[in-house]
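Peer 1: prediction below, plus the sequence it came from.
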Amino acid sequence: METSTARPHFVLVPWIGSISHIAPLTDIGCLLASHGASVAIITTPANASLVQSRVDRVTPLGAVIAVTAIPFPAAEAGLPEGCERLDLIPSPAMVPGFFRANKKFGEAVAQYCSRDAPRRPSCIISGMCNTWTLPMARELGVPCYIFHGFGAFALLCIDHLYRQGRHEAIASAEELVDISVLQQPFDCKILGRQLPPHFLPSTSVGSASMQEMRDFDLAVDGVVVNSFEELEHGSTALLAAAAGKEVLAVGPVSLCCVPSLDQQGDDARRCMAWLDGKKAKSVVYVSFGSAGCMPPAQLIQLGMALVSCPWPVMWVIKGAESLPDDVKEWLRDNTDADGVAESKCLVVRGWAPQVAVLVHPAVGGFMTHCGWGSTLESVAAGVPMVTWPLFAEQFVNERLIVDVLGIGVSVGVTKPTENVLTAGKLGTDVAKAEVEAEQVKSALGRLMDEGDEGEDMRRKALELKVKANSALEKGGSSYNNLEKLIQSSV
Ligand code: UDP
């Protein structure tokens, strides 16, 4: 094994729970490589092609990144073969098994890094649930950074709530919890039931695993964030001070390399061709992340708003194949499938080329679930948002978008949607839609109408777009933080 050279060698081990963790950490690897570092990314066989396809985008630019796939022991933990992400899990009851398999995977990764890897790492950057990377880094005598996939504001809120003991005395569902953690007096509050999973009565992850992740968080040497310092009103510095460690914002990673249409396939080309036929800033893009679904009754209310609003809509629906027949019928009768150029409401069943869609000149607004990846991609594209959080830290991100940054209108959802981590535990009534069509149309109107409120949000969003791009340019804050990370690992 090669041990020393002036060029630091980063080993990145993304948390394989979801694409939205794997993709941005891979992109951070691409950014490090573009700054001259040597990078290896370790993942599982089922996720290797996703990682490789992102790496391939920067290889022509001279970046050298090794991708290694180590088998994931799904079957040993009672999971179906190839079940290597949480969105591939057939039932929430299998979540603990997924975490057990991830531990075993960790043992194999540690063995590979200490014995078989061609080069000794000088720094490890670990996904948030891969707690086993810390003993591995300690044994190798190298620093271990964590990548959560969350923004710095959400991380600061989570840290603040832990320090208040909120994980021990669980808030009641209706309690208003103050998350005004920034120095400027932004008044941010969310309901007890909207708190991130760490502070909910119970999740399918289990409290022991949650505590293990918190301990990991406290013990790592530093934090790498997909964000930029100018965005989150001092959150990175406040978190660094609270946690007593370096917090480096190195994004937005979506700007590191926008894939060309040739790399995206026919479905993506159809989406882009549809946008090409629309007026500038006229389209509302609607998407709820890599796996976000809503109950059928809610989906219909949303659909009624989208088909009757005055703007063209591109609506991405995940899990459309498992919708009840009456909802499928409604969609068939009221929307158009991919490829109908003149359609008013285009439904994309599957994967939309989101980064490319958001930077298209026709897109004027983004209705989003406030996942951090989507939030930052919207910021980087200068597109204001209608916010519709579903779960996890998304309600916290909504407060950042609406209360702090002033670049979004809340649709007004108050109840989290059940998902694989909370299934059956939130007591949500899925038969009834919480948000009516008129409420959705009113939020869309406030954002898309040519009134002062919409104008103000568009102006602020464009200012942030400029700052996002500057952050990654030579001498910008994210550029400098990448250099800092590299220098501290030489
Ligand atoms: N994404 C995409 N096409 C889709 C759905 C999602 O490209 O049809 C990407 C999106 O660009 C973002 C990620 O998937 O990078 C979703 O991440 P986010 O943090 O917003 O949400 P999550 O999937 O974790 O809920």
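Peer 2: Structure received.

Peer 1: residues in contact with the host helix or strand of residue 328?
Peer 2: Taking DSSP states H and E as the definition, residue 328 sits inside helix 325-334. By Cβ atoms under 8 Å, 6 or more residues apart in numbering, the surrounding residues in contact with helix 325-334 are 296, 299, 300, 303, 307, 317, 320, 323, 345, 347. Placement of C-beta: from N, CA and C, glycine included.

Peer 1: ok and the helix or strand the fifth one falls within relative to helix 325-334, angle-wise?
Peer 2: This means residue 307. Assessed by DSSP H and E, residue 307 sits inside helix 296-308. If you take axes from the mean of the first three to the mean of the last three Cα atoms, to 10 degrees, helix 296-308 sits at 0 degrees to helix 325-334.

Peer 1: give me the sheet partners of the helix or strand following helix 296-308 and which way each runs.
Peer 2: The first helix or strand that comes after helix 296-308 along the chain, using DSSP H and E, is strand 313-317. Strand pairing for strand 313-317, using DSSP bridges, gives strand 283-287 (parallel), strand 345-349 (parallel).

Peer 1: which of those has the lowest mean pLDDT?
Peer 2: Across those, strand 345-349 has the smallest mean pLDDT, namely a mean of 92.

Peer 1: so what's residue 93 up against?
Peer 2: residue 204.

Peer 1: tell me the spacing between it and residue 79.
Peer 2: For residue 93, the distance to residue 79 equals 11 Å [Cβ to Cβ, to the nearest Å].

Peer 1: what number of residues lie near the residue of the stretch 51-200 of the chain found nearest the ligand?
Peer 2: Using Cβ to the nearest ligand atom, the single residue of the stretch 51-200 of the chain nearest to the ligand is residue 149, 6.5 Å away. Using other Cβ atoms under 10 Å, residue 149 has 24 neighbouring residues.

Peer 1: for this structure, what's the longest helix?
Peer 2: helix 452-472 (DSSP state H).

Peer 1: I'd like the next helix or strand past that one.
Peer 2: Following helix 452-472 in sequence, per DSSP H and E, is helix 477-487.

Peer 1: how about that following helix: buried residues?
Peer 2: Using 16 or more other Cβ atoms under 10 Å as the test for burial, helix 477-487 gives 477, 478, 479, 481, 482, 483, 485, 486.

Peer 1: so for that helix, mean pLDDT?
Peer 2: On average, helix 477-487 scores 97.

Peer 1: next, the angle from that helix to helix 452-472.
Peer 2: Using the same axes, to 10 degrees: helix 477-487 against helix 452-472 is 30 degrees.

Peer 1: where's the closest residue in space to residue 163 that isn't next to it in sequence, which helix or strand?
Peer 2: Closest residue to residue 163 apart from its sequence neighbours, by Cβ to Cβ, 6 or more residues apart in numbering: residue 242 at 7.2 Å. Assigned by DSSP H and E, residue 242 falls within helix 235-243.

Peer 1: give the other helices and strands that the following helix or strand past that helix contacts.
Peer 2: Proceeding N to C from helix 235-243, the next assigned helix or strand is strand 246-249, under DSSP H and E. If you count contacts as 3 or more Cβ pairs under 8 Å, 6 or more residues apart in numbering; DSSP states H and E, strand 246-249 packs onto helix 152-163, strand 222-225, helix 235-243, helix 477-487.

Peer 1: I'd like the ones you listed as TSV, with distance to the ligand appended.
Peer 2: Converted to TSV, the helices and strands packed on strand 246-249 look like this (distance: least, Cβ to the nearest ligand atom, whole Å):
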stretch	distance to the ligand
helix 152-163	11
strand 222-225	13
helix 235-243	17
helix 477-487	17
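
Peer 1: closest to residue 372 out of these?
Peer 2: Among these, helix 152-163 comes nearest to residue 372, with 6.9 Å by Cβ to Cβ.

Peer 1: for the closest one, what is the average pLDDT?
Peer 2: For helix 152-163, the per-residue pLDDT averages 97.

Peer 1: for stretch 103-111, same thing?
Peer 2: 97.

Peer 1: what's next to it, contact-wise?
Peer 2: With Cβ under 8 Å, 6+ apart as the criterion, stretch 103-111 contacts 13, 42, 44, 70-73, 76-77, 130-133, 135-136, 139.

Peer 1: in strands only, show me the residues you listed.
Peer 2: 13, 42 (DSSP state E).

Peer 1: endpoints of stretch 284-299, how far apart?
Peer 2: 16 Å (Cα to Cα, to the nearest Å).

Peer 1: tell me the buried residues in it?
Peer 2: Quick answer for stretch 284-299 (16+ other Cβ under 10 Å): 284-296, 298-299.

Peer 1: wait, which of those residues is closest to residue 457?
Peer 2: So of those, ranked by how close each gets to residue 457 (Cβ to Cβ), first place is residue 284, at 13.6 Å.

Peer 1: got the residues of the protein near the ligand?
Peer 2: Within the chain, the positions adjacent to the ligand are 18-20, 23, 287, 289-292, 316, 351-352, 354-355, 371-374, 377 by Cβ under 6 Å from any ligand atom.

Peer 1: need the contact list for residue 62.
Peer 2: residue 34 are the contacts of residue 62 under Cβ under 8 Å, 6+ apart.

Peer 1: residue 390 touches residue 416, doesn't it?
Peer 2: Yes: counting by Cβ atoms under 8 Å, residue 416 is a contact partner of residue 390 at 6.6 Å.

Peer 1: in the stretch 351-490 of the chain, which residue sits nearest the ligand?
Peer 2: Counting by Cβ to the nearest ligand atom, the stretch 351-490 of the chain gets nearest the ligand through residue 371, at 2.3 Å.

Peer 1: that residue: neighbour count?
Peer 2: 26.

Peer 1: thought it was touching residue 395?
Peer 2: No: if you go by Cβ under 8 Å, residue 371 and residue 395 don't touch, sitting 11.6 Å apart.

Peer 1: host element of the residue most central in space within the chain?
Peer 2: Closest residue to the average C-alpha location of the chain: residue 373 at 3.4 Å, with Cα atoms, centre = their mean. Using DSSP H and E, the element containing residue 373 is helix 372-381.
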